[in-house]
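1. Give me the fold of what follows.
(2 chains)
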Amino acid sequence: ETGVTQTPRHLVMGMTNKKSLKCEQHLGHNAMYWYKQSAKKPLELMFVYSLEERVENNSVPSRFSPECPNSSHLFLHLHTLQPEDSALYLCASSQEKGYGTGGKIMNTEAFFGQGTRLTVV
Amino acid sequence: SQQGEEDPQALSIQEGENATMNCSYKTSINNLQWYRQNSGRGLVHLILIRSNEREKHSGRLRVTLDTSKKSSSLLITASRAADTASYFCATDAGRSGGSYIPTFGRGTSLIVHP
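-> Sure thing, here's the model as predicted:
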């Protein structure tokens, strides 16, 4: 148990469906992330929320819509997905704190949820 | 863009042997982290090494960092079948004044045969 909980663990949806992935962290962290992991590809960063504001949107198609209502919850709303969107979607959180060399934000590790295995049919 | 790149992509060893994985990165860092992922599950943080550190140990894990070569290595000693997993390095690709964004490579898939 990492303190980051993702639901559902598995999801099968049709291309015309609308669904949402949920992530909840119980660690008091102030930053949350969505990653996509496809077979034989690096983890792809999708979105970053810091202090509930979106600070990164990594050229993700608009059929993926994130929502961060508070620092503990993160959603990924899905609609009209394509079969190539089938993947493992991972949520993570971390605590941003302090500044290091060159003004970069120092941080510790990211804590990941177990992921949602999404299959688009 | 992808920051860390692990090498080799796959590694197969016998139980009891040591496993060494390497990571190369492109830009300056404050720290580098290694993570482990069991098949189809989330990533678990293993160890963090800061840019002013050269070596760090945690149990059977040993991590080295060479900032001049922009590379790191993870050594697992006396491997066990339970060490079978994918291993990823991540750097803090956060921008100055920006947010921390852990950036991962493709990972090394380690198989330890009993």
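
2. What is the least confident helix or strand in chain A?
-> strand A:105-107 (a mean of 57; mean pLDDT, DSSP states H and E).

3. so how many other residues sit close to B:Ile111?
-> By the other CB atoms under 10 Å in any protein chain shown criterion, the neighbourhood of B:Ile111 contains 14 residues. Backbone N, C-alpha and C define where each C-beta goes, glycine included.

4. hey, where'd the strands end up in chain B?
-> Counting by DSSP state E, one finds strands in chain B at the ranges B:5-7, B:10-14, B:19-24, B:31-37, B:43-50, B:55-58, B:61-66, B:71-76, B:85-92, B:102-104, B:108-113.

5. Any chance of those in a markdown table with distance to A:Val4 as columns?
-> Supplementary listing: these in a markdown table, determined by distance: least, CB to CB, whole Å:
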| stretch | distance to A:Val4 |
| --- | --- |
| strand B:5-7 | 23 |
| strand B:10-14 | 28 |
| strand B:19-24 | 24 |
| strand B:31-37 | 13 |
| strand B:43-50 | 10 |
| strand B:55-58 | 21 |
| strand B:61-66 | 22 |
| strand B:71-76 | 23 |
| strand B:85-92 | 16 |
| strand B:102-104 | 13 |
| strand B:108-113 | 24 |
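
6. Comparing the ones you listed by mean pLDDT, which bottoms out?
-> Mean pLDDT is lowest for strand B:102-104 out of those, coming in at a mean of 81.

7. near chain A, anything from it?
-> Yes. If you take CB under 8 Å from any CB of the partner chain as the test, strand B:102-104 does meet chain A, through B:Pro102, B:Thr103, B:Phe104.

8. filter these to the buried ones?
-> The neighbour-count test (16 or more other CB atoms under 10 Å in any protein chain shown) applied to the residues of strand B:102-104 next to chain A identifies B:Pro102, B:Thr103, B:Phe104 as buried.

9. Rebuild the residues you listed as CSV, extending it with distance to A:Tyr35.
-> Shown next, in CSV, are these (distance: CB to CB, whole Å):
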residue, distance to A:Tyr35
B:Pro102, 9
B:Thr103, 10
B:Phe104, 8
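
10. which of those residues lies closest to A:Leu11?
-> B:Phe104 (22.9 Å; CB to CB).

11. separation between that closest one and A:Leu88?
-> Using CB to CB, to the nearest Å, one obtains 13 Å as the distance from B:Phe104 to A:Leu88.

12. cool, A:Ala39 as well?
-> A:Ala39 is 9 Å from A:Leu88, where distance means CB to CB.

13. Leaving out chain neighbours, which residue sits closest to the residue most central in space within chain A?
-> When chain A is reduced to its mean C-alpha position, the closest residue under CA atoms, centre = their mean turns out to be A:Trp34, at 1.7 Å. With CB to CB, 6 or more residues apart in numbering or on different chains as the measure, A:Met46 is the residue that lies nearest to A:Trp34, at 4.2 Å, once sequence neighbours are left out.

14. does that neighbour count as helix, strand or coil?
-> Assigned state for A:Met46: strand (three-state reduction, DSSP: H, G, I helix; E, B strand; the rest coil).

15. so it touches A:Val60, yeah?
-> Yes. The pair formed by A:Met46 and A:Val60 meets the contact definition of CB atoms under 8 Å, at 4.9 Å.
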